[in-house]
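Visitor: Task: produce atomic coordinates for the following.
(2 chains)
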Amino acid sequence: DQQVKQNSPSLSVQEGRISILNCDYTNSMFDYFLWYKKYPAEGPTFLISISSIKDKNEDGRFTVFLNKSAKHLSLHIVPSQPGDSAVYFCAASVYNTDKLIFGTGTRLQVFP
Amino acid sequence: DVKVTQSSRYLVKRTGEKVFLECVQDMDHENMFWYRQDPGLGLRLIYFSYDVKMKEKGDIPEGYSVSREKKERFSLILESASTNQTSMYLCASHREGGQQYFGPGTRLTVT
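Guide: Below is the predicted model:
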């Protein structure tokens, strides 16, 4: 039973445009949500996070939105750059533990 | 800068072999994790450890064991490797309230 879902395995976006990556979750016992970025042959690196009590967090070109009623979060990248091409994983932190539940990942390709 | 290192980037083993994957972190983090990453399945937690000599099963512990004798080192052991354990293995460390930092991964092939 996948508690964190990324329904789009891949996304292709033109350079300079907005990339929107989506993530749905089924469990309400998550206190933080995070996005990680992964290049081939490297480990995931932390990108941005949001507390479950907030609905938006912004860091430069990256913004994460949380819609608790819909159990949905999204990562917006504006403007998209070719260096953003990677696999993006959303993850949810289980309340009162240090465990993360990861989604299946979305491969983003930014083309010129 | 936090550094998490894994002993091998690529490993090829035969079915039935005992396999050791080593992970070392240099930030004095209490928590350490082992995941495997497979296409279409994302990262799945195998085992984690909150402290030296402490371990807890993750979501897919079958066929694996772990060892944490020192705070900075967390080992994943495949007691008898099987072909369905061919995967990318990722180690992470974490301090309470912070993010998880990942190593570069070990791509294990079991033939």
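Visitor: residue contacts, the single nearest residue of chain A relative to chain B?
Guide: For chain A and chain B, the shortest gap (C-beta to the nearest C-beta) falls at A:Gly43, measuring 3.2 Å. No exception for glycine: its C-beta is placed from N, CA and C like everyone else's. By C-beta atoms under 8 Å, 6 or more residues apart in numbering or on different chains, the residues touching A:Gly43 are B:Val4, B:Leu90, B:Ala92, B:Phe102, B:Gly103, B:Pro104, B:Gly105.
Visitor: Show me which of these are buried.
Guide: B:Val4, B:Leu90, B:Ala92, B:Phe102, B:Gly103, B:Gly105 (16 or more other C-beta atoms under 10 Å in any protein chain shown).
Visitor: Nearest to A:Tyr36, out of those: which one, please.
Guide: Of all the buried ones among the contacts of A:Gly43, A:Tyr36 sits closest to B:Phe102, with 7.9 Å by C-beta to C-beta.
Visitor: Against B:Ser49, how distant is that closest one?
Guide: When distance is defined by C-beta to C-beta, to the nearest Å, B:Phe102 is 15 Å away from B:Ser49.
Visitor: cool, and B:Gly103?
Guide: The value you get for B:Gly103 to B:Ser49, if C-beta to C-beta is used, is 15 Å.
Visitor: hmm, back to that, chain A next: which of the contacts of A:Gly43 are close?
Guide: For chain A, the contacts drawn from the contacts of A:Gly43 by C-beta under 8 Å from any C-beta of the partner chain are B:Val4, B:Leu90, B:Ala92, B:Phe102, B:Gly103, B:Pro104, B:Gly105.
Visitor: farthest-separated two in the residues you listed?
Guide: Every pair of the ones next to chain A among the contacts of A:Gly43 checked by C-beta to C-beta; the farthest is B:Ala92 and B:Pro104, at 11.4 Å.
Visitor: Show me where chain B dips below the pLDDT cut-off.
Guide: Within chain B, the segments meeting pLDDT under 70 span B:1-2, B:96-98.
Visitor: what residues are up against the spatially most central residue of it?
Guide: Centroid check for chain B by C-alpha atoms, centre = their mean gives B:Trp34 as the closest residue, at 3.1 Å. Residues in contact with B:Trp34 (C-beta under 8 Å, 6+ apart) are B:21, B:23, B:45-48, B:58, B:64, B:66, B:74, B:76, B:89-91.
Visitor: same thing but 7 Å
Guide: For B:Trp34, the contact set (C-beta atoms under 7 Å, 6 or more residues apart in numbering or on different chains) comprises B:Ile46, B:Tyr47, B:Val66, B:Phe74, B:Leu76, B:Tyr89, B:Cys91.
Visitor: element containing it?
Guide: Assigned by DSSP states H and E, B:Trp34 falls within strand B:31-38.
Visitor: cool, B:Tyr101 as well?
Guide: strand B:100-102.
Visitor: Dig out what A:Tyr88 forms beta bridges with.
Guide: A:Lys37, A:Thr106 (DSSP bridges).
Visitor: how much space between it and A:Pro44?
Guide: Distance from A:Tyr88 to A:Pro44, counting by C-beta to C-beta: 9 Å.
Visitor: any residues in contact with both of those two?
Guide: Contacts common to A:Tyr88 and A:Pro44, judged by C-beta under 7 Å, 6+ apart, are A:Lys37.
Visitor: Between those two, which has more neighbouring residues?
Guide: Neighbour count, other C-beta atoms under 10 Å in any protein chain shown: between A:Tyr88 and A:Pro44, A:Pro44 has more, with 28 against 23.
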